[in-house]
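Student: Fold the stuff below for me.
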Amino acid sequence: MLTRSELPENPVALQVADGGDRHVVTAERVRGGQVRIGCTCRTSAAEGWCGHQVQLLCLRYDAVVERDGEAEFHFEDIVMGTPLADLADEVDLALAEYDAAHKGLEAKRSAGFDPDRLRRLAALATDLAQAASHLDGALARFKKRLAAGRA
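Tutor: Here you go, the predicted model:
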């Protein structure tokens, strides 16, 4: 991980597309190796985080408008090897687990009170509850780390 003084570009802004909307995600290395990252989308303003930030912290540039290898390289210089990037990976995995558990429950949900069906439904509901709990914890740690970068 480069120190703040070694970064050739700090901060770095990337524009992302989300449907018909465009937002700007800005990342900046601040004191103590913390990363300050923000997005101009409504979700980020309301929740304190958004999927655009997670995707970019996981180094996924699919939504970036007018891709620029140099800007992406500088973005990676800022975020790679930081605790925030590690937590973004954890959030990304927890979101995938939650989504899979939710889809599994929806796919198997059916009418009837057959004991085998009820047991399968209970097992799927348990999986969903565990995935939701894991996601809740991952998001709490992620938001706390985001707040530390803003301080």
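Student: any idea which strand is longest in the chain?
Tutor: The residue-count maximum for a strand in the chain (DSSP state E) belongs to strand 21-29.
Student: For whichever helix or strand comes after it, C-alpha coordinates in CSV please.
Tutor: Following strand 21-29 in sequence order, the next helix or strand is strand 35-39 (DSSP states H and E). Backbone C-alpha positions of strand 35-39 (Å, rounded to 0.1, in the frame of the first residue of the first chain) are rendered in CSV as follows:
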residue,chain,number,x,y,z
VAL,A,35,-9.9,6.1,2.6
ARG,A,36,-12.6,8.7,2.2
ILE,A,37,-15.0,7.6,-0.5
GLY,A,38,-18.2,9.2,-1.5
CYS,A,39,-20.8,9.0,-4.2
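Student: the helices in the protein, which residues?
Tutor: 42-47, 51-57, 69-79, 83-108, 115-150 (DSSP state H).
Student: Distance to Thr26, mean pLDDT and mean neighbour count for these - can I get that in a markdown table?
Tutor: In short, each C-beta sits where N, CA and C put it, glycine included. As requested, those are exported to a markdown table (distance: least, C-beta to C-beta, whole Å; pLDDT from 0 to 100; neighbours: other C-beta atoms under 10 Å):
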| stretch | distance to Thr26 | mean pLDDT | mean neighbour count |
| --- | --- | --- | --- |
| helix 42-47 | 11 | 94 | 13 |
| helix 51-57 | 10 | 94 | 22 |
| helix 69-79 | 10 | 91 | 17 |
| helix 83-108 | 14 | 93 | 16 |
| helix 115-150 | 12 | 92 | 15 |
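Student: right, so of those helices, which gets closest to Ala27?
Tutor: The closest of the helices of the chain to Ala27 is helix 69-79. By C-beta to C-beta, the value is 4.9 Å.
Student: Which residues does that closest one contact?
Tutor: 2, 7-14, 27-29, 35, 37, 56-57, 59, 61, 64, 85 (C-beta atoms under 8 Å, 6 or more residues apart in numbering).
Student: if you set the cut-off to 7 Å instead, what comes out?
Tutor: 2, 7-10, 12, 14, 27-29, 35, 56-57, 59, 61, 85 (C-beta atoms under 7 Å, 6 or more residues apart in numbering).
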